Structure formats: C-alpha cells, structure tokens
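A.B. asks: here is my input, please return the structure:
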Amino acid sequence: MLLGICALVFFLPWTQNIRATGTVTTLRQEHRPQQINTIIAGRVDKWYVKEGDYVKKGDTILLLSEIKEDYLDPNLLMRTGEQLQAKKSSVSYYQNKINATESQIGALQNLLKAKINQLENKLLQTRMKIVSDSMDMVAAENDLKIATLQFNRQKALHDSGLVSLTQLEGRNQMYQTSLAKRISAENKFLASKQESNILQIEFSAVQQEYAEKVSKAEGEKFGSLSMVATGQGDISKLQNQYASYFIRNGMYHVIAPQSGQIIKARTSGIGEIVKEGEMLVHIVPDQMDYAVELFVRPVDLPLISAGQKMRFLFDGFPAIVFSGWPDASYGTFAGIVSAVESDVSDNGKFKVLIKEDASFRKWPAELKMGTGANGIALLKNVPIWYELWRNINSFPPDYYKLTQTAENK
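C.D. replies: Next comes the predicted model:
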C-alpha cells in the first residue's frame, strides 16, 4: 500500500513556477512618489505644511520671495504694462501719421493732375495763338511785299517826273506802315513761340516739383512704416516680458500638483535660498493603482508573458505557500502580468509589472509604496515525477506560452 501510495503521488499534478523578488509600485508614473521642485530661485518666506501632512491638489506648500535684482521692483508688472501701453500708443501715432501722409500724397497727386491739366490747356491755347500769329505774320509779309512793289513803282514814276513828291511820300508812308506791321506780327509770333517754350519748361518743372514732394511724402511714409514695424516688434517683446512677469508672480507660491502626503523636506529654514529646479519636498499621492515590479533573471524571461497569472507574498502579510499547489496555499495574492520591459535593468535582470487580479482576492489596503513582494509565476502543470526528474537533471521549466482566452482578449 505504501509503494502504491508513493507511485500514485508521483503522478499527482504539480504546477511549475519561477520565483522573483520586487517591490510595490504603481502602474502609472503620475501615481508614484514625486519631487516638488521650485521653478524659480528665491528665498523661503513661509511654510504652510509640515512633513507628514496630507494636502489636496492646489494647496499651497510654501511661499518664496524674490532674490534677483531684475525682479525686485514690487510694481514691475504695472510698470511693464505702462511701457506696453506707451509703445502701443506710439505705434498708433505712427499709424495715424502714415494715414495723414497717404492723404497728403493723394492730395499732391490730385493737385499735380489739376496743374498739368491747367498747363496743357494753356499750352494748347499758346499753340493756337502761335498758329494765329503765324497767319498774321504771313498776311503782314504779303502786305509788305505789295507795299514794297507799289513804293518802287511810285518811286520810278517820281524819278520820271510823272508823279509828285507828295504821292511818293504817301506810298512811302504806306510802305513803312506795312513794314511796321510785319515786324509787329513777327514779334508777336516769336513771343508766342517763346511763351510756348516757357510753358514746356514750366510743365517739366511742375512735374519735377510734385515728384519731389510725393517722393518726400512717400519717404516719410516708409519711415513711419519702419517705426511701426519696430514698435510692433517692441510690443511683442514687451508682451512676452509682461506674460513672463505675470507667470513668475504666480510661481512664488509653490502648490501641490496632486493630492497626497508631504515627506522628505529638503529645505527647512525660513530665509534659506533655493535655486531653480531645486527639490523642496516629496509628495506621495493618496490615489494610486498599485502594482508590483519584479526583476526576473534573463534565463526565466522567455517564460513570462503579458496576461500571465502570478501569486504574491507581501512583506508583513503572513502566508502559507505550497509551491506546486497554488490553490492550496493560504495568504497569497494574485496578479496578472501587465508589461515586460525589453531592456535589461541596472541589476542585470528584466523588470516585469504586475497589476492586481481582483477576481481572486483584493490586495490589502494597507500596502505602501516600496513594500517588498515575492512573486511566483505559475507555469505549466506537470506530474510530480517529471518535476523531480527535471530538478535532478537541472533542466529549466518547460517553455510556457499563454493561451489567449476570450476574457483576456
């Protein structure tokens, strides 16, 4: 009977497993203990909490005061706002100047058009006068030719004694009158041409004069545009400074980023100086999803996969463990592998994250971050004789591949 019982025991099922040690952590990074650092340098003025106190998100932890000379002015934000408003007013003035200059340029261009039209009309009149004077001069030339012929004939008759001296003098007077008319008509014709030339010169001078005035006005306009662009750049810079000062004013109160317990105060005294980025305290969140991080040997890593079940023994929580019969153990807790890291840790092992398996037994509420944990990864069910034979020959556990179930999916 004893031999039969021993033979029967050899064929009982045995759950292969591998063991690893680790600590309690959380699944999400923001649930882990974190540092609270100061963003700006300053002097500690007042503490609102002490180590061990529980705070809520947004509670003030301590108050800092300014130590940098660039920010010591208590009215710095107001003065920067005044500078910003003054610069905006300056840009507005230059914009109004641009508008006035554009109106001036438009007025000059309209005046130039009117002046050109006036000169063109006057030039047209002068050209018509030139034509009229030229015709008068041609008529005077014809009268002079006729008077000259008549005077010469009269003179010839006088020399022949056929006409009296009085008749010759009458013809001479008519000749002199025609000559004077021709000279007068020629003078008028030349004066009209001269007037036309003067109008041409005046036309060019007016165009040049108004081109210079428009160019000067456009130069003032572009100068104002340059000042507007410079002012807008200064406004952007001042707005940036104002926003930075405003945000910096809100950094003197160091607040809790989340609810939790304050621990490990690095700076303690009133009046101590802290640097940018220096750690002030630690905070341990009060709401977290606990997990266990185990470190598995590289030889056992192929036996671990996501979704695999594990059992735990937490430090401080008594348990009775039967290695090969997990269902017969007492005081253990269950978990499911959540992630297996692909990179080796500093200790030469691979980190595995295990989340709670509430379907078996809820993890104790008294768990704290950093509590030690011993993990047992449940592998394949084999007979006891096979497990004895494997251990005698120092063979590793059988390669275990998790079968995906509908629940795991």
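A.B. asks: please, which helix or strand holds Gly22?
C.D. replies: Taking DSSP states H and E as the criterion, Gly22 maps to strand 13-26.
A.B. asks: equivalent analysis for Leu313, please.
C.D. replies: Element membership of Leu313 [criterion: DSSP H and E] is strand 309-314.
A.B. asks: Leu353 too?
C.D. replies: Here Leu353, judged by DSSP H and E, is contained in strand 350-356.
A.B. asks: now the angle from the lowest-mean-pLDDT helix or strand in the chain to strand 13-26?
C.D. replies: Sorting the helices and strands of the chain by mean pLDDT, DSSP states H and E puts helix 384-392 at the bottom, at a mean of 71. Counting by axes from the mean of the first three to the mean of the last three CA atoms, to 10 degrees, helix 384-392 lies at 60 degrees to strand 13-26.
A.B. asks: against which helices or strands is helix 384-392 packed?
C.D. replies: Applying 3 or more CB pairs under 8 Å, 6 or more residues apart in numbering; DSSP states H and E, one finds that helix 384-392 contacts helix 2-10, strand 13-26. C-beta coordinates here come from the backbone N, C-alpha and C atoms, glycine included.
A.B. asks: contacts for the strand holding Leu313, please.
C.D. replies: Residues outside strand 309-314 that contact it (CB atoms under 8 Å, 6 or more residues apart in numbering) are 24, 292, 294, 319, 321, 326, 329, 331-337, 354, 357, 363-364, 367, 371-378.
A.B. asks: where does the stretch 101-250 of the chain have low pLDDT?
C.D. replies: For the stretch 101-250 of the chain, residues meeting the criterion pLDDT under 70 lie at 158, 161-164, 168.
A.B. asks: same thing with the stretch 251-400 of the chain?
C.D. replies: Low-confidence segments of the stretch 251-400 of the chain (pLDDT under 70): 319-330, 379-383, 387, 393-400.
A.B. asks: need the helices for the stretch 1-150 of the chain, in chain order.
C.D. replies: For the stretch 1-150 of the chain, applying DSSP state H, counting those that start in this stretch gives helices covering 2-10, 76-159.
A.B. asks: hang on, I meant the stretch 151-300 of the chain
C.D. replies: 165-249.
A.B. asks: and the strands in the stretch 251-400 of the chain, which stretches?
C.D. replies: Using DSSP state E, counting those that start in this stretch, the strands of the stretch 251-400 of the chain run over 253-255, 260-263, 273-274, 279-285, 290-296, 309-314, 333-344, 350-356, 372-383.
A.B. asks: adjacent strands (with direction) for the strand holding Leu313?
C.D. replies: Strand 309-314 has the following strand partners under DSSP bridges: strand 333-344 (antiparallel), strand 372-383 (antiparallel).
A.B. asks: closest to Ile146 out of the ones you listed?
C.D. replies: Among the strands paired with strand 309-314, the nearest to Ile146 by CB to CB is strand 333-344 (126.2 Å).
A.B. asks: now that closest one, how far from the centre of its chain.
C.D. replies: Put simply, strand 333-344 sits 41 Å off its chain's centre (CA atoms, centre = their mean, to the nearest Å).
A.B. asks: circling back: with distance to Gln35 as new columns, can the strands of the stretch 251-400 of the chain be given to me in CSV?
C.D. replies: Listed next are the strands of the stretch 251-400 of the chain as CSV, based on distance: least, CB to CB, whole Å:
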stretch, distance to Gln35
strand 253-255, 12
strand 260-263, 11
strand 273-274, 13
strand 279-285, 5
strand 290-296, 20
strand 309-314, 26
strand 333-344, 23
strand 350-356, 21
strand 372-383, 24
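A.B. asks: switch those strands over to TSV; also include distance to Ala185 and mean neighbour count.
C.D. replies: Below are those laid out as TSV (distance: least, CB to CB, whole Å; neighbours: other CB atoms under 10 Å):
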stretch	distance to Ala185	mean neighbour count
strand 253-255	103	17
strand 260-263	115	18
strand 273-274	106	16
strand 279-285	110	20
strand 290-296	121	23
strand 309-314	129	22
strand 333-344	114	16
strand 350-356	119	21
strand 372-383	129	18
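A.B. asks: excluding chain neighbours, what is closest to Gly81?
C.D. replies: Tyr242 (6.1 Å; CB to CB, 6 or more residues apart in numbering).
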